[in-house]
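Asker: I would like to see how this sequence folds:
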Amino acid sequence: MQISKEQVRYVARLARLELSEDQLENFSLQLATILDYMETLSQVETSGVEPTAHVFSLTNVFRKDQVRPHLDRSLTLSNAPASEEGSFVVPKVI
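Answerer: Got it, this is the predicted structure:
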């Protein structure tokens, strides 16, 4: 499928992009190649193939939630470079 420079210029204007003449030529060739490939893909027989959102049929890949005892506060804070009143002390981020 052939894409003209005018079509590329129109889409670029909608996207508020300024393209040089070289870019218009380059994008028209690239878009034509993409659309030709999409036309080839549309000819593939897909009847009987269920639509999917993911290539692999994964359900839940997370570990199961298990109740565990929490970490001891004093032991946890002993690894911190600075702590105050049972909390970590970190630099202010503004």
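Asker: all helices for the protein, in order.
Answerer: With helices called from DSSP state H, the chain shows them at 5-14, 21-42, 73-78.
Asker: centre of the chain to the last one, how far?
Answerer: Just to be clear, that refers to helix 73-78. With CA atoms, centre = their mean, to the nearest Å as the basis, helix 73-78 stands 38 Å off its chain's centre.
Asker: and if you look at the longest one?
Answerer: Average the C-alpha atoms of helix 21-42, do the same for its chain, and the two points are 22 Å apart (CA atoms, centre = their mean).
Asker: what do you get for the first one?
Answerer: Taking CA atoms, centre = their mean, the mean C-alpha location of helix 5-14 is offset from the chain mean by 25 Å.
Asker: just stretch 5-19 next, same as before
Answerer: The chain centroid and the centroid of stretch 5-19 are separated by 24 Å, computed with CA atoms, centre = their mean.
Asker: equivalent analysis for stretch 10-30, please.
Answerer: 24 Å.
Asker: quick revisit: out of the helices of the chain, which gets nearest to residue 85?
Answerer: Comparison of the helices of the chain against residue 85 by CB to CB identifies helix 73-78 as nearest, at 10.2 Å. C-beta coordinates here come from the backbone N, C-alpha and C atoms, glycine included.
Asker: contacts for that closest one?
Answerer: Applying CB atoms under 8 Å, 6 or more residues apart in numbering, the external contacts of helix 73-78 come out as 83, 86, 88.
Asker: now list the buried members of those residues.
Answerer: Among the contacts of helix 73-78, none is classed as buried by neighbour count (16 or more other CB atoms under 10 Å).
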